[in-house]
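K.L.:
this one's sequence-less:
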């Protein structure tokens, strides 16, 4: 147990959890209420509503004006796990659209909302991540039942869509158009097949331009506190030039409520989650539902990950075992079509140091700042050669090491490994613990 | 290094540097037979989803076309198997400040490592994520890191989604020759090398190091006026 940094909210206690999440702990004055005390008997619903709700795991991206309403309502439903991702902080103007008080200004959105949810529902395990969604490991959404998106940031939208497609997670996105008093929920079923849409399928050139405009990286952001370069694989966006939500608080709540109503329809009326957009127009008091279609020219990767189970922890698994678990051979032809990605590591073939700029062999996984110990000749640090360093390493480069466990090749403490063989992608995780099962 | 795909030197094609060809036209230009043969050989190894594989083939083609059009530009090595990687050489004035030197030393060629990942298709990537200077050492620019055998180059705070390799190449040429400069350390874009930024603030007289465009030849050895 440890208090979190003062810059966030010093009074909230938490413990570290997987993927960089912090789990918020219940405070000393926690009040436990049975969420079923006020649950109505839904007409014609024979399912055990309370039981289903108390088993739900929801992954929420964005806890601003819409997302915080969603989070608090989920807590009031007494769900099992709530993961909240938001790198933002409350500003003065947040008082106008968010359910916050002046004391919350300047504090982390994820932490404040997470702490409130934990206070509302101590039985809900609440996990927070107060940085950009794109920096989170892909596999972080893998064990959630649904992903909810409540962010205006197009880059986040694209990435959430891609990850939900890859892991086949239903994605429900709440948004609004304040100037026309419209609340909107887009749903992406990710039910498999080639026809499934993603949020970027509807983008035109202007939206791609806007996405680039919203994403800014300054040179300073590329250097860490010691002045060393942060690898592009761990790059941090230094600022997002995303304009604030222009709306009124009741429309934000309307979007949140529309999303949760959609969730209830799916859970208890057994309506499947289609690729569609549901809109409520406040000026006309009308709602409409329109289908969303897959764009065959979509720039996003719509690859669906397969998730074979492993018997051993990832770091003790060899490349050959991964290939075999993926049903692939280990012949040269198979190796030519395969690549391996290990989050947080790059495969370095060669490096250079200060004494001679001749390449030195490294041939192992290295993590940022992508150095490989001192040179035997001059003692200077060897820097991985960027041309011969791979985020996604062609498996043919590993041909001499296929029998060796990944930790012997430098990759330790692994959460996930991605293996692409031809058109198929396999996502490997550590064997599930009893708790996870 | 294993699986390095060496690029055999090629003859420049007959396309004159002055030809009125834009970046959008590069894919329409045919490669010379030896370059086409090289292109065919390396693109056989392209991996990845169809949209990315197709994009890499186009990028490789465009880089090779440009290498035939621009006498100052050479593609030494290409590896398009997973991410697109390339070792590139550009002949141009490169400002360097080795430790102990009294003033700038201008090298005549820069060797660059290009990393062009699949995410470029749907993400706006950092301007410092694409190109590294491998040679010469001690390049003295506000937008390159300084020290160590690998120097990062920053090309801007926002990069278009799907930016093309040839655009990156022209941007880095402009940055190295100081045809495009950002030497204000207070600017939101930031600088990698504050000392270099201050140096050029005092030495605006040497900016730019060259006014010759990328396709031009006036500054190259043996060029006729």
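P.N.:
Looks like it arrived, so ask away. Being a predicted model, the structure only gives us computed values, none of them experimental.

K.L.:
Could you use CA atoms for every contact and neighbour count after this?
P.N.:
Will do.

K.L.:
For chain A, identify the residue most remote from the centre.
P.N.:
residue A:377 (43.8 Å; CA atoms, centre = their mean).

K.L.:
Please name the residues that touch that residue.
P.N.:
Counting by CA atoms under 8 Å, 6 or more residues apart in numbering or on different chains, residue A:377 touches residue A:355.

K.L.:
Next: the one 5 residues further on.
P.N.:
Residue A:382 is in contact with A:351, A:352, A:353, A:354, A:360, A:371, A:372, A:373, A:374, A:375, counting by CA under 8 Å, 6+ apart.

K.L.:
My guess is the third one contacts residue B:150. True?
P.N.:
So that's residue A:353. No. The criterion here is CA atoms under 8 Å, and residue A:353 misses it with residue B:150 at 9.0 Å.

K.L.:
Now list whatever residues contact both of the two.
P.N.:
residue A:383.

K.L.:
can you give me the strands for chain B?
P.N.:
Counting by DSSP state E, residue ranges of the strands within chain B are B:73-79, B:84-96, B:105-116, B:131-135, B:151-152.

K.L.:
where are the low-confidence patches of chain B?
P.N.:
B:1-21, B:188, B:222-225 (pLDDT under 70).

K.L.:
near chain B at all, stretch A:394-401?
P.N.:
Yes. Judged by CA under 8 Å from any CA of the partner chain, stretch A:394-401 comes into contact with chain B at A:394, A:396, A:397.

K.L.:
Select only the buried ones of the residues you listed in PyMOL?
P.N.:
Remark: buried members of the residues of stretch A:394-401 next to chain B, expressed as a PyMOL selection using 16 or more other CA atoms under 10 Å in any protein chain shown:
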select buried, chain A and resi 394+396+397
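
K.L.:
and which of the residues of stretch A:394-401 next to chain B is nearest to residue B:185?
P.N.:
Using CA to CA, residue A:394 is the member of the residues of stretch A:394-401 next to chain B that lies nearest residue B:185, at 39.6 Å.

K.L.:
and that closest one, bridged to which residues?
P.N.:
Using DSSP bridges, the beta-bridge partners of residue A:394 come out as residue A:339.

K.L.:
check contacts around it.
P.N.:
A:335, A:336, A:337, A:338, A:339, A:340, B:81, B:82.

K.L.:
May I ask which of the contacts of residue A:382 has the most neighbours?
P.N.:
Highest neighbour count within the contacts of residue A:382, by other CA atoms under 10 Å in any protein chain shown: residue A:351, with 28 neighbours.

K.L.:
Return the distance of the residue positioned nearest the centre of chain B relative to residue A:379.
P.N.:
Closest residue to the average C-alpha location of chain B: residue B:169 at 3.4 Å, with CA atoms, centre = their mean. Using CA to CA, to the nearest Å, residue B:169 is found at 34 Å from residue A:379.

K.L.:
One more: residue A:273?
P.N.:
On the measure of CA to CA, residue A:273 and residue A:379 end up 60 Å apart.

K.L.:
Could you do residue B:46 as well?
P.N.:
38 Å.

K.L.:
Neighbour count for residue A:273 and residue A:379, which is higher?
P.N.:
Taking neighbours as other CA under 10 Å, residue A:273 and residue A:379 compare with residue A:273 leading, 19 against 12.

K.L.:
Show the contacting residues for the residue nearest to that one when sequence neighbours are not counted.
P.N.:
Closest residue to residue A:273 apart from its sequence neighbours, by CA to CA, 6 or more residues apart in numbering or on different chains: residue A:189 at 4.7 Å. For residue A:189, the contact set (CA under 8 Å, 6+ apart) comprises A:169, A:170, A:171, A:196, A:272, A:273, A:274, A:275.

K.L.:
Quick check: the second one vs residue A:59, distance?
P.N.:
Taking CA to CA as the measure, residue A:170 falls 11 Å from residue A:59.

K.L.:
Next, show the common contact partners of these two.
P.N.:
A:145, A:146, A:147.

K.L.:
ok, of these, which one's closest to chain B?
P.N.:
Nearest to chain B out of the shared contacts of residue A:170 and residue A:59 is residue A:147 (CA to the nearest CA; 20.2 Å).

K.L.:
all helices of the stretch 51-200 of chain A, in order?
P.N.:
Secondary structure of the stretch 51-200 of chain A (DSSP state H, counting those that start in this stretch): helices located at A:67-76, A:94-97, A:109-120, A:154-167.

K.L.:
Quick one: closest of the ones you listed to chain B.
P.N.:
Proximity to chain B, assessed across the helices of the stretch 51-200 of chain A by CA to the nearest CA, is greatest for helix A:154-167 (6.6 Å).
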